[in-house]
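J.: predicted model, plus sequence, below.
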Amino acid sequence: MCGRYAFTLPPEAVRQLFGVAGGDWVEPRINLSPSTTNPIIRMSEGARELAPMKWGLRPFWWDPAKTKNQPFNAAAEDAASKPFFRDAFKHRRCVVPATAYYEWDRASKPPKPFQLTVDGGAPFCFAGLWERWKSPDGEWLESYAIVTTQPNRLVANWHNRMPVILDREEIDSWLAQSDRVLLEAMLDPFPPHRMDAKAVSPKLNRSDYDGPI
C-alpha cells in the first residue's frame, strides 16, 4: 500500500522536470499522509496541469451522512470495475509526484520505518485517480487516490501491496484516454533492482512529523 510518502522538490524543479506551469504554492515535504492537500499532475485542455488535491478519494456521489469511507489507495486489480473508482479510472487519471515513500517493519516495537526510493533517489510518479465532489454548502473539493498493486520482492519484506510506480515514458499514456488493456499493462510491480530501502527515524511514526529523518 502507500500511506505515507515524500515530495521534496521546490517549485522550479517541479516545473522543469514534469513540464507544468505554476506551482509556486508547492512546499517540499518529508511526510505526506492521507487527508493532507498535495500536488498532483493531470491533463487539462491538452496540457499537463499541477493541481492541489486532498489525499483520500471522494466521488461526486459521496454522501458523508452515509459513509465516511475516503480511500487513499485503489487496488489496480479492480480499479476499472469497482464503483468507487471506475469512473475516475476511465475519465480522471492523474500522476502523483514523489521522491520517496515509506513502509514499516511491524514486527519491531515500535514499528520501524523504512524509506524506499527509485533510481538512486530520482523523482518519480505514482499512478493516481482523482475526483471532484461538491459539499452540501456548495464548495467544490478535489481529491485523489494512489493506485496499488502486488509487491515486488523488496517491498514484500514489509507489505503485501505497493504503489504503482510509472516509468517516465508511461506518464503521458496513463494521463491520456488510452485503451484499458494498455493501461492495465502498466500496473505491474516496479522492478526491485531499481529501488533502494533504508531505515529512517522512528519519529516518522507520527503522521504529523515533518522534520529530519
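T.: Arrived safely. Residues are numbered from 1 along each chain as shown.

J.: alpha carbons only for contacts and neighbour counts from here, please
T.: OK.

J.: and residue 98, how many residues sit next to it?
T.: Using other CA atoms under 10 Å, residue 98 has 24 other residues around it.

J.: quick check on it: phi, psi?
T.: Dihedral angles phi and psi of residue 98 (degrees, to the nearest 10) take the values phi -150, psi 160.

J.: hang on, it packs against residue 122?
T.: No: with contact defined as CA atoms under 8 Å, residue 98 and residue 122 do not form a contacting pair (9.0 Å).

J.: look up phi and psi at the residue of the chain most remote from its centre.
T.: Most distant from the centre of the chain: residue 137, at 28.1 Å, with distances by CA atoms, centre = their mean. Taking degrees, to the nearest 10, you get phi -90, psi 10 for the backbone angles of residue 137.

J.: from residue 167, how far out is the residue nearest the centre of the chain?
T.: For the chain, the residue nearest the mean C-alpha position is residue 146 (3.8 Å; CA atoms, centre = their mean). Spatial separation of residue 146 from residue 167 under the definition CA to CA, to the nearest Å is 15 Å.

J.: hmm, back to that, and the residue farthest from the centre of the chain, how far is that from residue 58?
T.: Between residue 137 and residue 58 the computed distance is 16 Å (CA to CA).

J.: please apply the same query to residue 36.
T.: Counting by CA to CA, the gap from residue 36 to residue 58 is 14 Å.
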